[in-house]
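J.: Show me the folded form of this:
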Amino acid sequence: MRYVIYIILLIIVIFIKFISESYLLQTTGSDPGAIGEFIGAVILGPLLLPAMISAIVCAFRKNKTKGCFIRGCSWVLGLVLLSSAGNALRLMSPQRYQFADTQVAITAPDGYWKMAEASKGSDAPEILFSQDLSVAVVSKRISAIHSLADINSYSQKILGDQFEPAQRCNTEHFTCAHQETTVETSVGLLKDVDYFYLTDDKETVIITVITTPEKHEQNRQAIMAMINSVRSETR
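T.: All right, here's what the predicted structure looks like:
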C-alpha cells in the first residue's frame, strides 16, 4: 500500500509541476537550458528531493528498511504537493501589479506576468510583460491631455504618417480613447501597438500595449480586461 501511495503522490506532483512550469517550453521553444530546467523542475525534482531527504532521515534511524525509506519519500512528496498546489493556484489567479512611476495599478490575468523595473537613475520605463514575451505593457502619465482633441494633437506628433484619430473605448474608472498601429523595430520585427488614453478630471495615463502580430487577436480580450482593471493609486 505504501508503494501505491508514493506512486499516486508522485504522479499528482509531476502533473501539477508540468502545468505550472510549462511556460518554460512556450517561452523559449527548443532552448536546451529551458528544456533542462523544465525537466529538472517537473521530473527530477519530485524524484530526487524526497529520496535525498528521506535517505538522510533514515540514516539516523536504527531500523533502516525499505519501507521506512518509502514512507519518508511519501511524507516529503505530500509537503511538495501542498506547496506546488498553492503555487499553481497563485499562478492561475489574476495578479495586481503597480507602476510606481505613474502610480497606477493593473490586474494581469494570471501570475505568469513579470514587472521589469527600471534601474535607479535610468529613464527607461517600468515594463509589465507576459511570461512568453508576446505582450508588454508600459505606463506614462501626462497632465496636458484632457480631451479627445488633445489626444489627437499629441499622438499626431508622435505617430506622424501612421496617425489615425483616436476612438472612444469603454472603461469603468476613466474616460478612454484608443489608437492602434503597427511599427517595425530596429531589428526588422513587426509589433502591433495599442495606445489607451485613460483620462480623469486631472490628467491622462497612457497605457501602451505592445504585442506580436500573431498574438494580437488572441490576446485582445485579455488586453481589454487589463485596461478596464487600471486604477489610480494616487486617489
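J.: Excluding covalently adjacent residues, which one is nearest to Asp192?
T.: Nearest residue to Asp192, sequence neighbours excluded (CB to CB, 6 or more residues apart in numbering): His216, at 4.3 Å. In short, each C-beta sits where N, CA and C put it, glycine included.
J.: quick one: the one you found from Glu180, how far?
T.: Applying CB to CB, to the nearest Å, the value for His216 to Glu180 is 9 Å.
J.: what is in contact with those two at once?
T.: Residues touching both His216 and Glu180 (CB atoms under 8 Å, 6 or more residues apart in numbering) are Asp192.
J.: more crowded one of the two?
T.: More neighbours surround His216 than the other of His216 and Glu180, with 20 against 14 (other CB atoms under 10 Å).
J.: I'd like the next helix or strand past the helix or strand containing that one.
T.: Taking DSSP states H and E as the criterion, His216 maps to helix 213-228. Downstream of helix 213-228, the next assigned helix or strand under DSSP H and E is strand 231-232.
J.: Could you find the closest non-adjacent residue to Thr175?
T.: Nearest to Thr175 is Thr199, by CB to CB, 6+ apart, at 4.5 Å.
J.: wait, I meant Ser22
T.: Using CB to CB, 6+ apart, the closest residue to Ser22 is Phe38 (7.7 Å).
J.: Would you agree that neighbour falls within a strand?
T.: No. Secondary structure of Phe38 (DSSP: H, G, I helix; E, B strand; the rest coil): helix, not part of a strand.
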